[in-house]
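K.L.:
Make a model of this:
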Amino acid sequence: MKQAIAEPVIRRIFGYLDHGTTAMAERPWRNDVSAYHSADHLASEMRVLFRETPLLMGLSCDWPKPGDWRTDDLAGVPILIARGGDGVLRAFLNVCRHRGAKVAQGCGHGRAFSCPYHAWTYGLDGRLRGVPDERAFEGVRAERPGLTPLPLAERHGLVWVLPTPAADGSTALDIAPWLGGLDAELATYGAGSYHTYDKRLTPETMNWKILVDTFHESYHVGFLHKDSLSSILIGNVSDFEAFGPNHRLVFPRHKIARLREQPESDWDLMWNSVTVYCLFPNTLFVTLGDHLEVHRVFPAEGRADRAVMETSFYIPEPITSAEQESHWKANLDLMLRVVMGEDFPTGRSMQIGFASGAQTHTVFGRNEPAMIHYHQSLRRALGLEI
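P.N.:
Just a heads-up that it's a prediction; the model follows:
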């Protein structure tokens, strides 16, 4: 993060600490609990949020070399992303143009994709390269010359895909307008230079937004995380700023107090806080002093009470020693222990509570401005009253 951005954030945090407060919304806000358990609400979310909105798919280092490819089904459509021999990253629907089978599974490295059903073969650029007994398919190659392309943007080391094909077949995606003013700020992290350390999927028995909500307030840090995070993060103190439907939320570490003794020109925010960017609608881009995390959250199984989270852990340099491996494993284990071992069990109980009929609305306090902004942004996107 640039110093010009970090300095005012740190000054605001010192103000919160000096006055015993935090970033505040204008007023508390109540959110209808049907947003967490209604099948109709989920259907609207799938149509608008996960089909008509660009989704972050990962960092460029997930496809580091020409020939690297990955598949992704989390948005409810089969997606294939491959880096061509020309170095260009492209996205396609992972659907053979013959009978619709997937042409790839998982991730890998290669020069082409061959459908397992009838061996129709496609290049890394998606073009149809081979059809066994092609004389039986007169005119088909001209009609469907390759995999169906999807719009993709690779920018600042981050990769977005729009899961719906453009009407004109365009593959270009201008992501900057979707970022609401965050474009230049995201560039300062140099995400393109990082390396993938770990990537894993976690299925959960709760609504997908409960998983996202986990990252949107520190009100619970001193209670739910009293034995894990409360000695690291200052509970119920955060700095919040909205960028269109996206936002930035900064959680100060206790050690931020040491900056009071330093000139502002030497202030470093990343090493003294945890910064969470919510990249609308479903991704948390988390920056810390020595690594980056990306948490991508999706509905699952077509059910409002099922979700899956893909967690990716990125490090600045490849591991070259056992000491480095031990360091990164300890960092990853702490994050997994807190999120999966403390936040998510509570979320499961919340899901049961939302469907119980105990209340029609949940309330977000003034000290939870990110929660309010996020859920209001969701309702706006879905065309619902706020």
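
K.L.:
tell me which residues in stretch 328-344 are buried?
P.N.:
Using 16 or more other CB atoms under 10 Å as the test for burial, stretch 328-344 gives 328, 331, 332, 335, 338, 339, 342, 343, 344. Quick note: C-beta positions are derived from backbone N, CA and C, even for glycine.

K.L.:
Surely the second one touches residue 291?
P.N.:
By that I understand residue 331. Yes: assessed by CB atoms under 8 Å, residue 331 is found in contact with residue 291 at 6.5 Å.

K.L.:
Name the residues contacting each of the two.
P.N.:
Shared contacts of residue 331 and residue 291 (CB atoms under 8 Å, 6 or more residues apart in numbering): residue 313.

K.L.:
now, among the buried residues of stretch 328-344, which is nearest to residue 262?
P.N.:
residue 331 (25.1 Å; CB to CB).

K.L.:
looking only at pLDDT, what's the mean for the helix or strand where that closest one lies?
P.N.:
Element membership for residue 331 (DSSP states H and E) is helix 322-338. Averaged across helix 322-338, pLDDT comes to 96.

K.L.:
who does it touch, helix- and strand-wise?
P.N.:
Contacts defined by 3 or more CB pairs under 8 Å, 6 or more residues apart in numbering; DSSP states H and E place helix 322-338 against strand 195-204, strand 303-315.

K.L.:
Identify the residue spatially nearest to the residue nearest the centre of the chain, adjacent ones excluded.
P.N.:
Centroid-nearest residue in the chain: residue 283, 2.3 Å away (criterion: CA atoms, centre = their mean). Among residues not flanking residue 283 along the chain, residue 56 sits closest, at 4.4 Å (CB to CB, 6 or more residues apart in numbering).

K.L.:
Residue 269 too?
P.N.:
Excluding the flanking residues, the one nearest residue 269 by CB to CB, 6+ apart is residue 6, at 3.9 Å.

K.L.:
What is the burial count for that neighbour?
P.N.:
The local packing of residue 6 (other CB atoms under 10 Å) involves 20 other residues.

K.L.:
That one sits in which helix or strand?
P.N.:
Using DSSP H and E, residue 6 maps to helix 3-19.

K.L.:
for that helix, the distance to its chain's centre please.
P.N.:
Distance of helix 3-19 from the chain centroid (CA atoms, centre = their mean, to the nearest Å) equals 26 Å.
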